[in-house]
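> sequence and computational prediction follow.
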Amino acid sequence: MAQIRGHVSRRTASRAKDCLTAQERRDQLVRMAVAEFAKRGLHATTTDSLAKSAGISQPVIYLHFPHKEALFREAVQRNSAARAEAVERRIASISVRGTVDWIEHAVTATVTACLSTHGGPRLMNWALLELPDFGADVHRHEVCSVAAVWEREISLRTQQGSGLPRTPDIGCAVQVCYPYAFWLDRSGIRTSRRLGR
């Protein structure tokens, strides 16, 4: 590093700050891609807009992804995984014991996590519209993961005598939460407070 009397020059410090490892750059690209693809989808988003939002040149994208669709697919998968993890955290923190109250809180937690995750449900909507087979597979996996969380929490609470029913219809309940969150997102409603009784 260029040093003048023990100090790193501003230019060298700036370059060092901009140097990311390959994994850090890839992660940055995916984070930026989630936001860009959520706005316009795969086909309407240009590699130029992706590069500009990440503060890089277009060739850098191709160092990390063979084509725009590969970046889109990874962005959708990470977005889905982040949403499922957010649901799991929120549901695990529910402390109410009554059946109706717990189910209400679980629905609110699921919908709120869908709305608060970076990229929200819009990116999944685009995946379902533009790459239907891929989008359906990712969505199905996410819904099954969330249903498993609901099942686990209900099972734990049932063992503790909370009175929650053991039911095979948990998947249906989760299936209802997701379209509701998607509708709230498309309507511009950013809260799930409307879920009250």
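Done, it's in. Numbering: from 1, shown residues only.

> which secondary structure element contains the spatially most central residue of the chain?
Centroid check for the chain by CA atoms, centre = their mean gives N79 as the closest residue, at 2.9 Å. Per DSSP states H and E, N79 falls inside helix 68-92.

> and R140, by the same measure?
Secondary structure from DSSP H and E places R140 in helix 132-159.

> other SSEs contacting that helix?
If you count contacts as 3 or more CB pairs under 8 Å, 6 or more residues apart in numbering; DSSP states H and E, helix 132-159 packs onto helix 68-92, helix 99-116, helix 122-130, helix 170-186. Backbone N, C-alpha and C define where each C-beta goes, glycine included.

> tell me which residues of that helix are tucked away?
134-135, 138-139, 142-143, 145-147, 149-151, 153-154, 157 (16 or more other CB atoms under 10 Å).

> might you report the residue contacts of the residue nearest to the centre of the chain?
By CB atoms under 8 Å, 6 or more residues apart in numbering, the residues touching N79 are 34, 38, 117-119, 123-124.

> and it, what pLDDT?
pLDDT recorded at N79 is 94.

> now L42
97.

> ok, G120 next?
Predicted confidence (pLDDT) for G120: 78.

> A136 too?
A136 is assigned a pLDDT of 92 by the prediction.

> sounds good, over and out.
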